[in-house]
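S.K.: prediction below, plus the sequence it came from.
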Amino acid sequence: MLSPADLAAAFPADVERRLQGAALHQDRCHRNAARLDLPEGFQATANAVSEMGDHAASIAEDARLAGLVARFLADESSGRPAPAQPSPASSASPSGRSLIARTLAALTSAPSRNGAEA
């Protein structure tokens, strides 16, 4: 099973910054290529230029994902451990105690608070 420690070992600390730089570079290349006045018959080049914008957006989304993973890893490693022994539910919940008391009273046919038999 994959753990946060496994992710941290395989995840470079500066990957978000590098992906943001790559997205900016790809976007700049797309804008420069879009300014070219392509002659007729260069449809493949025109398609490649239009795809460059999609590539820039994908790289930017990857940078955001890398940032989320980095924040997740930081959050997982900074949290306090859970308590070793959770408190019993019946002592924490007053309604749980009264439910148990009412159940025992009904089972033993003890008089209720009003003085009548249960």
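M.R.: Thanks, I have the structure now.

S.K.: residue 12 should be in a helix, yeah?
M.R.: No. Assessed with DSSP: H, G, I helix; E, B strand; the rest coil, residue 12 is coil; it does not lie in a helix.

S.K.: now do the same contact list for it.
M.R.: By C-beta atoms under 8 Å, 6 or more residues apart in numbering, the residues touching residue 12 are residue 18. In short, each C-beta sits where N, CA and C put it, glycine included.

S.K.: against residue 66, how distant is it?
M.R.: 9 Å (C-beta to C-beta, to the nearest Å).

S.K.: the helix ranked longest in the chain: which residues count as buried?
M.R.: Ranked by residue count and defined by DSSP state H, the top helix of the chain is helix 43-78. Buried residues in helix 43-78, defined by neighbour count with 16 or more other C-beta atoms under 10 Å: 49, 52-53, 55-56, 59-60, 62-63, 66, 69-70, 73.

S.K.: same check, this time on stretch 11-18
M.R.: Buried-residue list, stretch 11-18, by 16+ other C-beta under 10 Å: 15-16.

S.K.: pLDDT on that stretch, on average?
M.R.: For stretch 11-18, mean pLDDT is 83.

S.K.: and it, end to end?
M.R.: Stretch 11-18 stretches 12 Å from its first residue to its last (C-alpha to C-alpha, to the nearest Å).

S.K.: residues contacting residue 49?
M.R.: 30, 33-34, 36, 38.
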